[in-house]
Each structure stands twice: as structure tokens, then as C-alpha cells.
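Chemist: give me a model of this one.
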Amino acid sequence: MRNRIIEDDLSYIVNADLPWQELTGKTVLISGAAGFLISYVVHLLLFLNEKNDANIKIIGLVRDAERAREKYASVPQTENLLFISQDVCDEISIDEKIDYIIHAASYATPKVFRDNPVGTILPNVIGTKNLLELAVKNDVDGFLFFSTSGVYGHVADEDYPVPETCFGGLDPMELSSCYLESKRMGENMCVAWMHQYGVPIKIVRPAITYGPGLDLDGGRSFEDFIACIVRKQDITLYSDGRAIRNFCYIADATLGFFTVLLKGENGQAYNVATDHEISIKDLAQYLVDDVFPERNLKVISKFDTSKDYLRTQFSRTTVDISKIRALGWTLSFPIAPGFKKVVQSFEDH
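Modeler: Alright, predicted model coming up:
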């Protein structure tokens, strides 16, 4: 049985006014199906089968099929969920007809970028090429590429919140650019395959997304904060906390992904994020003082270079979401209820 928080979130998403019937009877190939961000997409498709008898077949490309099966062990056994264990960078050979491809296979954690920059780049380039070729072969109804809001690079202060058409610099000679530069290339490959072969591509650029199932030991600040709250420990800040970020709850983000898939325009990219911005330091204090005051926690500042993972440093990351709002997408989970749901999901589990 699913975690009740996830179950509630799925019910909320399915009740949205989207043309869900377009997915009925279709086969959806999802790369990186065991990842955090894409997990709600898989759950949602399974939920449509359970509640709407949608008969959607999900084929998940994963590095470890056994781990993926464990991740979805809480859902009812079904022949409509199949995992294929293979690297997305290897040739993909699937005989049955594929109707939709969702490409989300990618390392996205700064802890990995230093140790495995090549492995960070290849799924976004070689993996994208392989899946686009599969899309051509199957004449797919839709191809959704998961990019990131980090592709905007370093923009001027006056350009915030950043729209989909504004780009600044990234230094390709910096190792930390491996993730963002490869995402930029992946986006351009999608556009090239659409232009030359007619693949109906759409791109989503998520910002920071949090929710049930995230890695409490992932090393990013908000993951550390949630881990401390769950473990009833004081929150420790390892930086000055002045960086300004926007945090989107995964149910809102997932609804955004399906809004783009089912209502977005081919050949377009869409920011999927919240428009509320807050500094890392203020987030920590807000969680302690206002969201979880009953836990009597404190925020402690402590400089620690071991937490300085390889990443592109942005002082601010807020993006403009008016383009996806024009498709009818709305945000329903601000910080307080969103973080409460995440903590509750871990404590229930």
C-alpha cells in the first residue's frame, strides 16, 4: 500500500483538468524511472490505471531493476509496469510500439559531479540521442525531456525572475559545468531532431523540487534540513545561507510536467517551479520557528568545506513561470504545508 501522503498527492493531481484520456491504452517509456523526481510520474500513470482503468503500459529504463522494483513495492502488482535494466547510453532495442518517451535519466546531485563528470554528461547527450532515435523509429505522440532551470547560467540581477528565453554565461572549462552544459546540449538535440525528423519534443526545466522519497543524505541544504527535522536534530548551516532559492513541492511539479506533456506546445521549453523565493538561511529559520516550532530545534551556523560539493554557484535561481501558468497550471503547496507533508511521509514510513 502506498504512503498516504503520496496517495493524497496523486488524487490531487488526477483531479486536475487535463486531457488524461490521451494516455489511455498508450505505452510510455521512461528513462531514469527509479529517480526521485520521476517517481511521481510513474506513480501517477499507475494511479490512472487503478482509478480510471487507463490501461497505460509503463516501461522503465533503470540501472538497477531490482532496486526499481523495491522502490515501487508499495503499488499493486501489475503487468503494466516493466523495468528494463540497462544504461540509457547503450543502444536501446525494444520491439513493441512506444507512444510516449519521457527522458529523465541523469545524475542531478552535486556530490556526483566531481567523482563522475563523464557519467554526468553522457546520459544527457548519448542517452538523449538514443532515445530520440527510438522516438523517430516509433513515430511517437510525444517526447518530454527533463532539463533544469540551471541552463540559464549566470544572468544579470535585473533579469530575475528568468524567463525561458534569457540566458547567461557558463564556463565550459569549469568541471562543475558538466551537468548544465550537457543539459543545454540535450535541449538543442531535441530541437534538432524535431526540425530534421519531426519528433514532437517538449522540454521542462524544473527548479529545486522536494517531496516524499528524496534522499535524506543527498547533501543539498534542503535535504539536510528535512533530515534534521525528521531526526529531531538542530539544523546546521554550512554556508552563510544568503543564496536565494525557490522550492517546489513534488505534487505541484508533477502536475506541471503532465500539463506540459498534454497541453504544452511542441518545440517549447517550460519552467516548472514556484515563484516564491527565500534564502537558505531564512528557510532554515522559518522551518524551525514557524513550521515545526513544537520540536524546539535551533539553527546553528558551522563552516565546513566538506559540504562544498562541486556545483555552479548561483546567488539566486528564481524563474518566471507565467508561460506554464498560461496552460492552466497552478501552485497549491507553499513551503509550510509542503515541508510538513514530506516530514510526515518519512515519519509514517
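Chemist: can you give me the strands for the stretch 201-349 of the chain?
Modeler: Assigned by DSSP state E, counting those that start in this stretch, the strands in the stretch 201-349 of the chain fall at 201-206, 208-210, 235-237, 244-245, 247-249, 269-272, 278-279, 299-301.
Chemist: among those, which is nearest S31?
Modeler: strand 201-206 (14.1 Å; Cβ to Cβ). (Each C-beta comes from the backbone N, C-alpha and C, glycine too.)
Chemist: adjacent strands (with direction) for that closest one?
Modeler: Take DSSP bridges as the rule and strand 201-206 pairs in its sheet with strand 142-146 (parallel), strand 269-272 (parallel).
Chemist: where along the stretch 151-300 of the chain do the helices fall?
Modeler: Ranges of helices in the stretch 151-300 of the chain, per DSSP state H, counting those that start in this stretch, are 178-197, 221-230, 250-263, 280-286.
Chemist: turn those helices into TSV, including mean neighbour count and distance to C166.
Modeler: Converted to TSV, the helices of the stretch 151-300 of the chain look like this (neighbours: other Cβ atoms under 10 Å; distance: least, Cβ to Cβ, whole Å):
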stretch	mean neighbour count	distance to C166
helix 178-197	19	14
helix 221-230	21	25
helix 250-263	24	19
helix 280-286	19	23
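Chemist: quick one: closest of the ones you listed to P337.
Modeler: helix 250-263 (10.3 Å).
Chemist: ok, back up a step: columns mean pLDDT, distance to K340 and mean neighbour count on top of the strands paired with strand 201-206, output as TSV?
Modeler: Shown next, in TSV, are the strands paired with strand 201-206 (pLDDT from 0 to 100; distance: least, Cβ to Cβ, whole Å; neighbours: other Cβ atoms under 10 Å):
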stretch	mean pLDDT	distance to K340	mean neighbour count
strand 142-146	98	27	24
strand 269-272	98	22	24
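Chemist: would a markdown table of those strands with distance to L48 be doable?
Modeler: Shown next, in a markdown table, are these (distance: least, Cβ to Cβ, whole Å):
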| stretch | distance to L48 |
| --- | --- |
| strand 142-146 | 16 |
| strand 269-272 | 20 |
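Chemist: doesn't I300 make contact with G241?
Modeler: No: counting by Cβ atoms under 8 Å, G241 sits too far from I300 to count as a contact (11.4 Å).
Chemist: so these two - more neighbours on which side?
Modeler: Each of G241 and I300 has its neighbours counted (other Cβ atoms under 10 Å); G241 has more, 16 against 13.
Chemist: returning to what we had before: export the strands of the stretch 201-349 of the chain to CSV and tack on distance to G328?
Modeler: Output for the strands of the stretch 201-349 of the chain, formatted as CSV (distance: least, Cβ to Cβ, whole Å):
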stretch, distance to G328
strand 201-206, 15
strand 208-210, 20
strand 235-237, 37
strand 244-245, 26
strand 247-249, 17
strand 269-272, 12
strand 278-279, 26
strand 299-301, 38
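Chemist: which of those strands sits closest to L262?
Modeler: That would be strand 201-206 among the strands of the stretch 201-349 of the chain, by Cβ to Cβ, at 9.7 Å.
Chemist: and that closest one with helix 178-197, angle?
Modeler: 160 degrees (axes from the mean of the first three to the mean of the last three Cα atoms, to 10 degrees).
Chemist: use 57 as the first number for this chain going forward.
Modeler: New numbering, starting at 57: the last item is strand 257-262.
Chemist: what does strand 257-262 contact?
Modeler: 93, 188, 198-205, 207, 220, 243, 246-247, 249-250, 304, 309, 312-313, 316-317, 320-329, 375 (Cβ atoms under 8 Å, 6 or more residues apart in numbering).
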